[in-house]
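Peer 1: Dropping the sequence and predicted coords here.
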Amino acid sequence: MSCGKGWPEPIVRVQSLSDGGATSIPPRYVKPPSDRPSDSSSTSNVNIPIIDFSGLHGDSRIKTLAQISDACRDWGFFQAVNHGVSPQLMDQAQQVWREFFHQPMEIKQSYANSPSTYEGYGSRLGVQKGAILDWSDYYYLHCLPCCLLDQNKWPALPPSLREVVAEYSRQVVKFGGELMKVLSINLGLSENHLQNAFGGEDIGACLRVNFYPKCPQPDLTLGLSSHSDPGGITFLLPDQHVAGLQVRKNDSWITVKPSPHAFIVNIGDQIQVLSNAIYKSVEHRVIVNSNIERISLAFFYNPKSDLPIEPVKELVTSERPAMYMAMSFDEYRLFIRTRGPQGKSQVDSLKSRN
């Protein structure tokens, strides 16, 4: 336990609680009954769409574009296979981070983060005193723009981590740029429209590695509370051994069954705003497990932080007026950094009052 700089309360590493053999979870992790995972609210025989991105480069291009469009409009989520990121690199990225989280605590503590940037080793989101916390630890890194990249914040151990993460970031950013073109085309815009709205090549990108230790009472808590992602597009590399991500569809929570070497891709709030809610970010959460730990890598492809983000003018009509007020991503993400994950309340607060 440590009173980390800027946090309202002493920081407890969830992994330490789990490794210490706790048979029950502390009260600060117990969710209200309405927020707890429940078998009755989960649909087990449904999965989010799985899309083969190799179809974009052949005779199936039109069909593949339509599949992506439908997934973004109807689900806000899909799994991408044959996306161009090396499967071996994906495995390496998960392995180096698993090794990091199993290092001695004093090594990890040397990278402890603060709420001013969240970069580094952390165990909570939000700075509200007395908040009900999630059963997870994490590591957060800036990857782009280069002016924010501080390799002193990137763990030095295991020795291959920095090289692996740098190449992983490069390949995922490339995939992100290709997907942005697809989203623009499907909206009837020029292929570079959304990318230019994000700042062209001057985008933001960051990685959050989520570590979910074994939990003695998984029915009482969550690894990550329900939220929509505040950024642009999220590329999640899930744990291949155990499912944990749940996506809200209507009134049900659907547990995503990961496909081998697939990315789980979801629309973030900034794309919802730019598309004038043609594409929608969707609430999701993470459940935990009593028998096995989980690790996942969430890569966030975001707009340049100081650019105002508002509905694209070509998507605003008299029948569909602008639904959101302009706000920079810097201003926007202060919400989750202050209050933690709270459903879709932030993007809803941007709705135009005209």
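Peer 2: Okay, I see it. Since we're looking at a predicted model, the values are computed, not measured.

Peer 1: State the distance from the residue of the chain most remote from its centre to residue 324.
Peer 2: Here the chain reaches farthest from its C-alpha mean at residue 318, the gap being 33.8 Å by C-alpha atoms, centre = their mean. Using C-beta to C-beta, to the nearest Å, we find residue 318 at a distance of 17 Å from residue 324. All C-beta spots, glycine's among them, are computed from the backbone N, C-alpha and C.

Peer 1: Endpoints of stretch 296-308, how far apart?
Peer 2: 31 Å (C-alpha to C-alpha, to the nearest Å).

Peer 1: how far out from the middle of the chain is it?
Peer 2: Put simply, stretch 296-308 sits 10 Å off its chain's centre (C-alpha atoms, centre = their mean, to the nearest Å).

Peer 1: in terms of contact, does residue 248 touch residue 282 like I think?
Peer 2: Yes. Using C-beta atoms under 8 Å, residue 248 makes contact with residue 282 at a distance of 6.1 Å.

Peer 1: do you know how far the residue farthest from the centre of the chain is from residue 73?
Peer 2: In terms of C-beta to C-beta, residue 318 sits 21 Å off from residue 73.

Peer 1: next one: residue 175
Peer 2: Distance from residue 175 to residue 73, by C-beta to C-beta: 21 Å.

Peer 1: ditto for residue 229
Peer 2: Noted for residue 229: a distance of 17 Å to residue 73, by C-beta to C-beta.

Peer 1: who touches residue 5 in this structure?
Peer 2: residue 114 (C-beta atoms under 8 Å, 6 or more residues apart in numbering).

Peer 1: which regions of the stretch 201-350 of the chain lie under the pLDDT threshold?
Peer 2: For the stretch 201-350 of the chain, the stretches flagged by pLDDT under 70 are 335-350.

Peer 1: what about the strands in it?
Peer 2: Secondary structure of the stretch 201-350 of the chain (DSSP state E, counting those that start in this stretch): strands at 204-212, 224-227, 233-237, 245-249, 252-255, 263-267, 284-286, 294-302, 308-309, 327-328.

Peer 1: Including mean neighbour count and distance to residue 18, could those strands go into JSON lines?
Peer 2: Below are the strands of the stretch 201-350 of the chain laid out as JSON lines (neighbours: other C-beta atoms under 10 Å; distance: least, C-beta to C-beta, whole Å):
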{"stretch": "strand 204-212", "mean neighbour count": "23", "distance to residue 18": "9"}
{"stretch": "strand 224-227", "mean neighbour count": "21", "distance to residue 18": "16"}
{"stretch": "strand 233-237", "mean neighbour count": "24", "distance to residue 18": "22"}
{"stretch": "strand 245-249", "mean neighbour count": "22", "distance to residue 18": "20"}
{"stretch": "strand 252-255", "mean neighbour count": "18", "distance to residue 18": "22"}
{"stretch": "strand 263-267", "mean neighbour count": "25", "distance to residue 18": "24"}
{"stretch": "strand 284-286", "mean neighbour count": "22", "distance to residue 18": "15"}
{"stretch": "strand 294-302", "mean neighbour count": "24", "distance to residue 18": "12"}
{"stretch": "strand 308-309", "mean neighbour count": "19", "distance to residue 18": "39"}
{"stretch": "strand 327-328", "mean neighbour count": "16", "distance to residue 18": "38"}
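
Peer 1: how about those, which one is nearest residue 52?
Peer 2: Comparison of the strands of the stretch 201-350 of the chain against residue 52 by C-beta to C-beta identifies strand 263-267 as nearest, at 12.4 Å.

Peer 1: and the angle for that closest one with strand 245-249?
Peer 2: 40 degrees (axes from the mean of the first three to the mean of the last three C-alpha atoms, to 10 degrees).

Peer 1: Dump the C-alpha coordinates for strand 263-267 into CSV.
Peer 2: The C-alpha atoms that make up strand 263-267 are tabulated as CSV, following Å, rounded to 0.1, in the frame of the first residue of the first chain:
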residue,chain,number,x,y,z
PHE,A,263,-8.4,-7.5,-32.5
ILE,A,264,-11.6,-6.6,-30.8
VAL,A,265,-12.3,-3.2,-32.4
ASN,A,266,-14.7,-0.6,-31.0
ILE,A,267,-15.9,2.8,-31.9
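
Peer 1: Note down every partner strand of that strand and its orientation.
Peer 2: Here strand 263-267 has these sheet partners by DSSP bridges: strand 77-81 (antiparallel), strand 233-237 (antiparallel).

Peer 1: May I have the last one as CSV, with CA atoms only?
Peer 2: Looking back up the chat, that one is strand 233-237. Written as CSV, here are the backbone C-alpha positions of strand 233-237 (Å, rounded to 0.1, in the frame of the first residue of the first chain):
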residue,chain,number,x,y,z
ILE,A,233,-11.0,3.8,-32.0
THR,A,234,-9.9,1.1,-29.6
PHE,A,235,-7.9,-2.0,-30.7
LEU,A,236,-8.1,-4.6,-28.0
LEU,A,237,-5.8,-7.6,-27.9
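
Peer 1: those helices in the stretch 151-300 of the chain, which residues are they?
Peer 2: 161-186, 193-197, 269-274 (DSSP state H, counting those that start in this stretch).

Peer 1: Would you mind finding the most buried of the ones you listed?
Peer 2: helix 269-274 (a mean of 27; mean count of other C-beta atoms under 10 Å).

Peer 1: Which other helices and strands does it contact?
Peer 2: With contacts taken as 3 or more C-beta pairs under 8 Å, 6 or more residues apart in numbering; DSSP states H and E, helix 269-274 sits against helix 193-197, strand 308-309, helix 329-339, helix 345-349.

Peer 1: residue boundaries of the strands in the stretch 51-200 of the chain?
Peer 2: 77-81, 120-122, 137-144.
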